[in-house]
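Student: please work out how this folds:
(chains A and B)
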Amino acid sequence: MVNRLYQAAINMPLLYISAISLTLLLLVPIIIGLAGTILPAFNYLPALAHMEFGLTPWRSLLAAPELMGSIKLTLVSGLLATMISFVLAFSLVAVLYQTRWMSSIRHSLAPILAIPHAAIAIGMVFLLSPSGWIVRLLSPWLTGYERPPTWVSVQDAYGLSLVLALVVKETPFLLFVILSSLPQLKPQALLQVGASMGYPPLTVWRKVILPALYPLIRFPLLIVLAFSLTVVDLTLVIGPNSPSTFAVTLFHWFTDVDLERRFTASAGAVLLMAIILLSALAWELFYRVFIYFDRKRWGNGKRHTNAYLFFKTGAYLYLGNMGIALLSLLVLPIWAFTHRWRFPDILPSEWSLKKIQQLAPILVELACASLLIAVVSSLISIAISLVMLEQKRCCSTVTQWFDRLICWPMLLPQVGFLFGIQVFFIWSDVNGTVFAVLALHTLYVLPYVYLTLSAPYLSFNQQYYTQAICVTHSPARSYFLIKLAMLKPILWSAFALGVAVSFAQYLPTLIAGEGRINTLTTEAVALAASGDRKKVGNMAMLQALFPLLIFMLAQWLPYSWTKYRLTLKSTLKKGALKKTQPIK
Amino acid sequence: MIKYFVAGCLATSFLAFAETPPPWGETLKDAEKQTVYWNAWGGADNINAYIDWVAKRVKEDYKITLKHVKLADTADAVSRVLAEKAAGNDTNGSIDLIWINGENFRTLKNNNLLFGPFSNNLPNYRYVDESSRTSLTQDFGTKVDGMESPWGAAQVIFMHDTEILVEPPKSIPSLLDYAKKNPGRITYPEPPQFLGTTFLKQALIELTNHPEKLSAPVSDANFTLVTEPLWAYLDELHPVAWRQGSSFPSGAEQMMRLLDDQEIDIALSFDVSAASVQIEQGNLPDTVRSYVFENGTIGNTHFVAIPYNSASTAGAQVVADFLLSPEAQLKKQHPTTWGDLSVLTFNRLPKKYQTAFNDLPRGVATLSIESLGKSLPEPHGSWVEALEKEWRKRYSR
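Tutor: Numbers count the residues shown, from 1 in each chain, chains lettered A, B, ... in the order given. Take a look at the predicted model:
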């Protein structure tokens, strides 16, 4: 009986068909975007009267003076930032895992993850530039500076401030990923076993948990790598600008009034894809080589490792990083309420609410649009992910293609890919509609949601579900009331991450929304160019608020939900009893 | 390319003769209830507020719904029109009006992507005297031909804080001397940002030994010979510039922020009232003053144009006409509104408006028309690309 119901549940043809159609649906934008990038790279774009294939775009790409410099910057900043972020995040977990610090750090993740990276970068510029808050705090009593020093601390030519900004942004994300994956490894048990054999915790982290953890977070790491190599808005704010990174250089070419530049830019976008691919391969190769040599040390029986100092330094650096992030976030609202704040004053000399009042009417409109887009695209992404994951659990051969395709939007550089889709949107006359914006947002939210859900969903102990079917005889009911209910924490995390990802999207909104559909982010980035710190502070602060609230909700609700639900239920029961009593 | 250009010119001039525009009354009637999407740079509050006021007024007078699509860069709108053309959307474009000039105008005009000619037929165009400024008919050397309607005039001004810098350098060579004595305190926006390119042109006009070559297309001149002094100058300037020339501000706004932070000593802007406006908003100290160079600074005109595929060309024309009205131009020149110079010729205005323009207050740091002095004409538009390309080749490494 149980077996038959169970079989029925897993063999639902509906599920199978949905999975196939969703895979095909995902394939469409990827093909269009790729074709729209690769064909122009070889000089083919009938819309602009380029009908013959040729290598002209590649020749002009190779002749571009900023090519080598910007590629070097991209590689250095991308690889360095990913490596440092991973080391810091893992070190912190290793050093502080079982301490009470960990829970405070866990709670500090939400604001940093929720806030769009461009906003953090702007805060960092306010903080670290020669006339920034840090120098203001120390001047002139300590530094003797009556005027800002002339050294270069942001937008430096080596891209070090860019690396710092990437690390500040990515470390919390990796920490979030590590903390979400760790429970599967049952680190507590591993540490106990290790301790019983005389291995101190850090040695267990180094020799047992690190090798077991890496495969679980390999994909998020590659996403971080691809993101670091291709990010545009963050680099525009804090990266060097002559030359800038390759992605930003391409972005300038794509939006250049000279249409011929589009072809060079497309060739560049293809090259950027190759750069991502090669970087990922190099990264994986490095890991393999490391493991090959490291394997011998795991079993050498030594109870202490040299990694102690390394881990501890990493953990402290992480804390320093978070200090920077915190101050960057703090300085935004200060600027938002400023009227006059001149160097070297530690705080504004005149405060005012003028800017907020000025912006109030459009803020309501923008907030509604941003929330609608973020919530809807996150919900769609969760629904798609659940269908695909359930299918994958039953029969992973069907979802193989989906698994491969899902990463493409994240790994492909937005700069080329989205401009490829743009022509299609205009052609099909959906450009500038909410649907087009939702479609592009979903394309970028889906991978994050899917990957966040993936491991926890698949490692769900299916016995609970089987038992539930035994009791209720209803697969659907058991699915929602038992399986999904038990997966509530990760569903909420995925939802919150989806909202945050959607909130941070700049290019997709701009390209699909045609400037008619604006979100807090498109407006904030448009304003960021104007350089008015008060306005930018205002926008960034408010832009952070909504994802922040949802993140906090996601951390709080799943754990309190059952308690409140039961309290509510019992109150209702009592109420019902009281009502019925007089009749008795 | 040249073939296209010639064909385009022929086509437009032919159209100009062949089609008589419908009477204005008809345009007004067609414009009613239309929605006009105006793509205009949205980076300055005061300008956005002025556009909101225009939207209110055209709603009242002409029942037109004007929507301001805020751009970070006008090139975005140009690429959108090009993308629409590419996708075959020839009748229902997303843009009805663009705030435009220079290179962007040249791209759209040369690709036949503009509606018109229309500006000479606008009723309020009678207040414009084309001979008063070359830039009214020659937009960076590109013939306007009625394909865009003038909106405002601009001139480069420099700003300095009188508390820090009492006697600012008043020429390109003395700017370098100052930078050498005060390393790290001088900079300019990064080309191809238009103000950055303008700085290059200003420097070129002052430094070159062949100034007469600049008014003709760059292809007619020996580029290396004409521009040699400019690059020699920049090679000397960059090592003593802000951040040693490794990065440059993004535009006037960032320069004023740096001026306020005292990171740099001199900022420039294309907006003559910029200093007063920023002092008022608490973004600059009230000791900041504007000034111009001894031998004059570059000036130009900015326009509005209508894309060829706009579905609301009537509405867009009526808005363009309203922008030219003495009422709108007067309000625009008011220092607390915007302070952008009027394109109308004083003598042609009705008495009432002549008095009103005379009575306009000036901000504490705004120069009078007389003290703005001579406005230097922009070099031919083709110099922009050549200068940007050479700058990129030399300094984008």
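
Student: so where do the helices sit in the stretch 101-250 of chain B?
Tutor: Assigned by DSSP state H, counting those that start in this stretch, the helices in the stretch 101-250 of chain B fall at B:102-110, B:172-181, B:194-207, B:223-237.

Student: for chain A, find the nearest of the ones you listed.
Tutor: With respect to chain A, and counting by CB to the nearest CB, the nearest of these is helix B:102-110 at 4.5 Å. Heads up, the C-betas are built off the backbone N, CA and C, glycines and all.

Student: may I see the buried residues of the helix or strand harbouring residue A:173?
Tutor: Assigned by DSSP states H and E, residue A:173 belongs to helix A:160-185. Of all the residues in helix A:160-185, those buried under the rule 16 or more other CB atoms under 10 Å in any protein chain shown are A:160-182.

Student: let me have the helices of the stretch 101-250 of chain B in CSV, extended by mean pLDDT and distance to residue A:408.
Tutor: Output for the helices of the stretch 101-250 of chain B, formatted as CSV (pLDDT from 0 to 100; distance: least, CB to CB, whole Å):
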stretch, mean pLDDT, distance to residue A:408
helix B:102-110, 89, 33
helix B:172-181, 97, 49
helix B:194-207, 94, 37
helix B:223-237, 96, 43
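
Student: those into a markdown table, with extra columns for distance to residue A:551 and mean neighbour count?
Tutor: Output for these, formatted as a markdown table (distance: least, CB to CB, whole Å; neighbours: other CB atoms under 10 Å in any protein chain shown):
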| stretch | distance to residue A:551 | mean neighbour count |
| --- | --- | --- |
| helix B:102-110 | 41 | 23 |
| helix B:172-181 | 48 | 16 |
| helix B:194-207 | 40 | 22 |
| helix B:223-237 | 48 | 17 |
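
Student: can you lay out those helices as TSV showing distance to chain A?
Tutor: Listed next are those as TSV, based on distance: least, CB to the nearest CB, whole Å:
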stretch	distance to chain A
helix B:102-110	5
helix B:172-181	12
helix B:194-207	11
helix B:223-237	12
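
Student: looking at those, spot the one closest to residue A:234.
Tutor: Distances from residue A:234 to each of the helices of the stretch 101-250 of chain B were compared using CB to CB; the shortest belongs to helix B:194-207, at 22.4 Å.

Student: who's in contact with the closest one?
Tutor: B:102, B:156, B:171-173, B:188-191, B:211, B:214, B:226-227, B:229-230, B:233-234, B:248, B:251-252, B:268-270, B:293, B:295, B:297-298, B:376, B:378-379, B:383-384, B:387-388, B:391 (CB atoms under 8 Å, 6 or more residues apart in numbering or on different chains).

Student: drop anything exposed from those residues.
Tutor: Neighbour counting by 16+ other CB under 10 Å classes B:102, B:156, B:172, B:188-191, B:214, B:226-227, B:229-230, B:233-234, B:248, B:251-252, B:268-270, B:293, B:297-298, B:376, B:378-379, B:383-384, B:387-388, B:391 among these as buried.

Student: re the thing from before, the helix holding residue A:173 vs chain B: in contact?
Tutor: No. Applying CB under 8 Å from any CB of the partner chain, one finds helix A:160-185 separated from chain B by no less than 10.4 Å.

Student: what comes up buried for the next helix-or-strand element following that helix?
Tutor: Under the assignment DSSP H and E, the closest C-terminal helix or strand after helix A:160-185 is helix A:187-196. Judged by neighbour count using 16+ other CB under 10 Å, the buried positions of helix A:187-196 are A:187, A:190-191, A:194.

Student: and stretch B:361-371, by the same measure?
Tutor: By 16+ other CB under 10 Å, the buried positions in stretch B:361-371 come out as B:362-363, B:365-367.

Student: one step back: mind checking how far the helix holding residue A:173 is from the chain centre?
Tutor: The chain centroid and the centroid of helix A:160-185 are separated by 10 Å under CA atoms, centre = their mean, to the nearest Å.

Student: likewise stretch A:550-561?
Tutor: Relative to the mean C-alpha coordinate of its chain, stretch A:550-561 is positioned 19 Å out (CA atoms, centre = their mean).

Student: and residue A:405, what is it in contact with?
Tutor: Residue A:405 is in contact with A:23, A:26-27, A:30, counting by CB under 8 Å, 6+ apart.

Student: helix or strand for it, which one?
Tutor: Counting by DSSP H and E, the element that carries residue A:405 is helix A:396-406.

Student: and for residue A:382?
Tutor: Here residue A:382, judged by DSSP H and E, is contained in helix A:354-394.

Student: show me what that helix is packed against.
Tutor: Using 3 or more CB pairs under 8 Å, 6 or more residues apart in numbering or on different chains; DSSP states H and E as the contact definition, the elements that helix A:354-394 packs against are helix A:13-41, helix A:396-406, helix A:434-458, helix A:488-504, helix A:520-528, helix A:533-583.

Student: which of those helices has the lowest mean pLDDT?
Tutor: Mean pLDDT per stretch puts helix A:520-528 lowest among the helices and strands packed on helix A:354-394, at a mean of 74.

Student: all strands for the stretch 251-397 of chain B, in order.
Tutor: Listed in chain order, the strands of the stretch 251-397 of chain B (DSSP state E, counting those that start in this stretch) span B:266-269, B:288-291, B:297-305, B:375-376.

Student: give the contact list for the most centrally placed residue in chain A.
Tutor: For chain A, the residue lying nearest the average C-alpha position, counting by CA atoms, centre = their mean, turns out to be residue A:501 (5.7 Å). Contacts here follow CB under 8 Å, 6+ apart; on that basis residue A:501 touches A:444-445, A:448.

Student: columns distance to chain B and neighbour count on top of these, output as a markdown table?
Tutor: Below are the contacts of residue A:501 laid out as a markdown table (distance: CB to the nearest CB, whole Å; neighbours: other CB atoms under 10 Å in any protein chain shown):
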| residue | distance to chain B | neighbour count |
| --- | --- | --- |
| A:444 | 20 | 21 |
| A:445 | 24 | 32 |
| A:448 | 26 | 23 |
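
Student: tally of neighbours for residue A:305?
Tutor: Residue crowding around residue A:305 was assessed by other CB atoms under 10 Å in any protein chain shown; the count is 17.

Student: residue B:222 now?
Tutor: Neighbour count of residue B:222, defined by other CB under 10 Å: 11.

Student: quick one: contacts for it?
Tutor: Applying CB under 8 Å, 6+ apart to residue B:222 gives the contacts residue B:213.

Student: state the distance from it to chain A.
Tutor: Applying CB to the nearest CB, to the nearest Å, the value for residue B:222 to chain A is 22 Å.

Student: residue B:62 now?
Tutor: Counting by CB to the nearest CB, the separation of residue B:62 from chain A is 22 Å.

Student: residues in contact with the closest residue to that residue other than its chain neighbours?
Tutor: Distances taken as CB to CB, 6 or more residues apart in numbering or on different chains put residue B:318 closest to residue B:62, at 5.2 Å, once the chain neighbours are dropped. Residues counted as contacts of residue B:318 (CB under 8 Å, 6+ apart) are B:27-28, B:31, B:58, B:62, B:64.

Student: among those, which two are most distant?
Tutor: With distances taken as CB to CB, the most widely separated pair in the contacts of residue B:318 is B:27 and B:58, at 13.3 Å.

Student: returning to what we had before: what mean pLDDT does the helix holding residue A:173 get?
Tutor: Averaging the model's pLDDT scores along helix A:160-185 yields 91.

Student: which strands or helices does that helix pack on?
Tutor: On the basis of 3+ CB pairs under 8 Å, 6+ apart, helix A:160-185 makes packing contacts with helix A:67-96, helix A:100-114, helix A:117-128, helix A:210-213, helix A:218-230, helix A:233-238, helix A:307-336, helix A:434-458.
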